[in-house]
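[1] Task: produce atomic coordinates for the following.
(one chain, ligands or ions: 2)
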Amino acid sequence: SMREGRPVTVETRHCIPVREPVVSLSVGGHFPAICVCVFARVYMCVFNREIILENNLNTDVLEELAENSEFNESKGPCLAFRRAASVLKSLPSAVHCLGAIQGLPCLGEHTKAVMEEILIFGRSFKVEEVQSDERYQALKLFTSVFGVGPKTAEKWYRRGLRSLKEILAEPNIQLNRMQRAGFLYYRDISKAVSKAEAKALRSIIEETAHWIAPDSILALTGGFRRGKEYGHDVDFLLTMPEMGKEKGLLVRVIDRLRDQGILLYCEHQGSTVDMSKLPSRRFEAMDHFEKCFLILRLEEGQMEGDGGLQKDPGESRGWRAVRVDLVAPPVDHYAFALLGWTGSRQFERDLRRFARKERGMSLDNHALYDKTKKLFLPATSEEDIFAHLGLEYVEPWQRNA
Ligand code: DCT
Ligand code: MG
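    Ligands and ions are numbered 1, 2, ... in the order given. You can find the predicted model right below:
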């Protein structure tokens with residue numbers, strides 16, 4: 001799994017770990033009824049069979065349910081399952097009984113029902129039903145291709161297509177450039193990117209950027225900045241120390257990567273930040289910075305000591321394709337862009353909600369706006385932003401929820 005889990009056993013006051021011997025049930029007099037009841041059922045159903053229920057296992061199934069809701073365009077339930085997964089991820093230990101989750105926020109009845117099934121039967125029938133659903137399987141498969149979103153996936157499903165082979169064999173399907181690259185490099189880019197690979201790419205892009213502009217600044221963001229071992233892509237911010245000097249830099253970096261023969265695919269988006277619209281501009285989920293979505297070729301020989309390329313066993317070619325996002329904000333928006341692109345998505349969502357609800361402020365990847373004072377709060381670092389929000393600084397590795 002690409003997710004971080006903390007496999008620690010739970011020792012909360014209200015529950016006994018499932019792995020404890022049966023005798024500990026007899027001391028259950030002061031435990032809440034629901035807890036005792038669940039334990040009795042656990043023992044009746046599975047006797048001594050060990051159920052090790054780690055939270056990462058739980059959150060994976062909840063994220064599958066979230067994805068399924070997304071395919072069904074059920075935004076509410078989708079967000080509810082994502083929130084629940086995020087809350088479980090933030091617990092210091094694994095959940096071994098329902099009692100341990102009774103008081104937690106954001107766990108809806110559907111989530112609780114799924115967790116109860118897993119605690120009692122060691123599996124969830126609701127999840128299995130979703131997993132075996134033909135439409136879910138097809139949409140999950142289709143959207144796993146770079147450039148294919150839920151709308152396109154749905155269209156293909158309605159045409160009766162069920163496999164990637166069938167899509168490629170269908171003469172009436174027009175793939176766009178991004179989707180063609182997605183199919184071409186499918187095996188490589190559906191493989192997780194390791195931290196060592198991310199570091200190697202960082203060196204390559206930094207060298208390229210410095211060759212063009214020696215004082216340019218490159219920062220690794222996304223999951224790898226949060227300390228994750230694996231990711232689905234590698235995210236970077238690129239800027240210049242002086243405002244406006246970043247203009248044209250990204251295009252030159254792309255050209256240079258192309259000249260070096262490592263640019264397999266590039267979708268470039270120019271900046272759409274409209275400074276004249278400030279401060280009436282809407283605060284949005286997507287940012288307007290100049291950026292590019294790339295597929296780069298990473299050579300075995302470019303890996304620095306700590307590990308080789310993530311490849312299939314028996315794969316003899318000495319390179320792999322990797323998805324890279326490169327975003328180029330102007331320096332006075334840099335701190336906001338860094339905070340936004342470091343993620344996680346759920347952390348950003350919660351931080352924005354906190355700013356809005358608790359502080360009457362709007363936060364996005366560009367700026368922080370105080371709605372009462374009607375002014376923008378400038379920041380040159382993430383620390384400044386947390387300070388404006390009246391929060392203690394949260395380290396990137398603590399933003400994984
Ligand atoms: N982000 C953003 N605007 C976008 C896309 C992403 O602000 N248009 C933010 C949200 C999280 C962060 O950037 C990185 O996005 P991902 O790469 O999708 O997530 P990740 O946490 O790096 O996870 P993964 O390991 O899957 O890459
Ligand atoms: Mg990422």
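
[2] Residue 375 reaches residue 369, doesn't it?
    Yes - between residue 375 and residue 369 a contact is recorded at 7.4 Å, counting by CB atoms under 8 Å. C-beta here means a position set from N, CA and C on the backbone, and glycine is covered the same way.

[3] Neighbour count for those two, which is higher?
    Set side by side, residue 375 and residue 369 give different neighbour counts by other CB atoms under 10 Å, the larger being at residue 369 (20 against 11).

[4] where's that one relative to ligand 1, distance?
    Using CB to the nearest ligand atom, to the nearest Å, one obtains 17 Å as the distance from residue 369 to ligand 1.

[5] Can you pull the phi and psi angles for that residue?
    Here is the backbone geometry of residue 369 (degrees, to the nearest 10): phi -120, psi 130.

[6] Thought residue 360 was touching it, still the case?
    No - taking CB under 8 Å as the definition, residue 369 is not a contact partner of residue 360, at 9.7 Å.

[7] so where's the stretch 1-150 of the chain shaky on pLDDT?
    Regions of the stretch 1-150 of the chain meeting the criterion pLDDT under 70 cover residues 1-57.

[8] again, 50 this time
    Applying pLDDT under 50 to the predicted model, the residue ranges of the stretch 1-150 of the chain that meet it are 1-53.

[9] now the strands: where do they sit in the stretch 151-300 of the chain?
    Secondary structure of the stretch 151-300 of the chain, counting by DSSP state E, counting those that start in this stretch: strands at 193-194, 217-220, 230-231, 234-239, 263-269, 290-299.

[10] ok, so what distance separates the nearest residue to residue 152 once chain neighbours are set aside from ligand 1?
    Closest residue in space to residue 152, ignoring its immediate chain neighbours: residue 142 at 7.1 Å, by CB to CB, 6 or more residues apart in numbering. Counting by CB to the nearest ligand atom, the gap between residue 142 and ligand 1 amounts to 18 Å.

[11] Over to residue 155?
    To ligand 1, residue 155 is 23 Å away according to CB to the nearest ligand atom.

[12] pLDDT score for that residue?
    The confidence metric pLDDT takes the value 96 at residue 155.

[13] Identify the residues contacting it.
    With contact set as CB atoms under 8 Å, 6 or more residues apart in numbering, residue 155 has no partners.

[14] which parts of the stretch 151-300 of the chain sit against ligand 1?
    By the criterion of CB under 6 Å from any ligand atom, the positions of the stretch 151-300 of the chain lying close to ligand 1 are 222, 223, 228, 231, 232, 233, 235, 286, 287.

[15] And the residues you listed, which two are furthest apart?
    Farthest pair in these (CB to CB) is 228 and 286. Separation: 22.6 Å.

[16] In terms of neighbours, single out the busier of those two.
    Legend: neighbour count by other CB under 10 Å for residue 228 and residue 286, higher for residue 228 (21 against 8).

[17] element containing the residue nearest to residue 152, please.
    When elements are defined using DSSP states H and E, residue 142 is found to belong to helix 134-143.

[18] you'd agree residue 334 is up against residue 238?
    No - in terms of CB under 8 Å, residue 334 does not count as a neighbour of residue 238; the distance is 10.0 Å.

[19] neighbours around the nearest residue to residue 303 once chain neighbours are set aside, how many?
    Closest residue to residue 303 in three dimensions, ignoring its sequence neighbours and counting by CB to CB, 6+ apart: residue 200, at 5.2 Å. A total of 23 residues lie near residue 200 under the criterion other CB under 10 Å.

[20] Over to the one 4 residues further on?
    Residue neighbour count, defined by other CB under 10 Å, stands at 19 for residue 204.

[21] Surely it and residue 256 touch.
    No - at 10.5 Å, residue 204 and residue 256 do not qualify as touching, with contact defined as CB under 8 Å.

[22] Thank you, goodbye.
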